[in-house]
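**Student:** make a model of this:
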Amino acid sequence: MTSRQQPPSKPWYRQFWPWFVFALPLSSVIAGLVTVYIAFEGADSLVSDSYYKDGLAINRDIGRERQAQKLGVRTELSHSQGMLRIRLQQDAGSSPPALTVRFRHATRAERDFLLTASRDAAGDYRAELPELIGGKWDVLVEPRDQTWRLSGRWILPREAGLQLGGDG
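**Tutor:** The predicted structure follows:
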């Protein structure tokens, strides 16, 4: 009987199964590192460290919104071709020369911006809107002296206009 010699076996690093077994835990480690990266890159900017001061500011803001109600202030905001137009109506007081309009993004604080709208000859207020303004925005309109304030939510560019104050 002839003895059959077995071919020399391949070293372990040239075989399939050890690499397959190593790939499973390695994929978990990689997935964990990716998850940590995403968590730090997409940190929640809506959380505030100074919640007490924020609460006091909310009380002041409510007072300014009540003052707008008392004065009968109403606004109609619209946008067209990169321009914001604000039509202001009020029962008492004089119209301010300019309005401050703050756009706060619903989820991304780094996209927030502030505009100053100046009164034109027709009595409306106008300001140039930045490009790529699409999304859900909390809009705050107030005069420079901050005696009153109106606020509302506007989804751009889907909604053509926004009414604040009165029944808006």
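
**Student:** neighbours around Leu156, how many?
**Tutor:** By the criterion of other CB atoms under 10 Å, Leu156 has 16 neighbours. (C-beta placed from N, C-alpha, C; glycine too.)

**Student:** residues contacting it?
**Tutor:** Residues near Leu156 by CB atoms under 8 Å, 6 or more residues apart in numbering: His79, Ile133, Gly134, Gly135, Trp137.

**Student:** now list the buried members of those.
**Tutor:** His79, Ile133, Gly135, Trp137 (16 or more other CB atoms under 10 Å).

**Student:** where's the dip in pLDDT among those residues?
**Tutor:** Lowest pLDDT among the buried ones among the contacts of Leu156: Ile133, with 78.

**Student:** how about it, secondary structure?
**Tutor:** What DSSP: H, G, I helix; E, B strand; the rest coil gives for Ile133 is coil.

**Student:** residue ranges of the strands in this structure, please?
**Tutor:** 74-80, 83-89, 98-105, 113-119, 125-128, 135-143, 150-156, 161-164 (DSSP state E).

**Student:** what lies in contact with the longest one?
**Tutor:** Spelled out, that is strand 135-143. Residues from elsewhere that reach strand 135-143, judged by CB under 8 Å, 6+ apart: 64, 75, 77, 86, 96, 98-107, 111, 148-156, 162, 164.

**Student:** how about a cut-off of 6 Å?
**Tutor:** Residues outside strand 135-143 that contact it (CB atoms under 6 Å, 6 or more residues apart in numbering) are 75, 96, 99-106, 149-155.

**Student:** measure how the one helix or strand in the chain whose mean pLDDT sits lowest sits relative to strand 150-156, angle-wise.
**Tutor:** Across the helices and strands of the chain, mean pLDDT, DSSP states H and E gives its lowest value to helix 51-71, namely a mean of 81. Angular relation of helix 51-71 and strand 150-156 on a 0 to 180 degree scale: 100 degrees, by axes from the mean of the first three to the mean of the last three CA atoms, to 10 degrees.

**Student:** give the buried residues for helix 51-71.
**Tutor:** Buried residues in helix 51-71 (16+ other CB under 10 Å): Arg64, Glu65, Ala68.

**Student:** swap in stretch 89-98?
**Tutor:** By neighbour count with 16+ other CB under 10 Å, stretch 89-98 contains the buried residues Gln90, Pro96.
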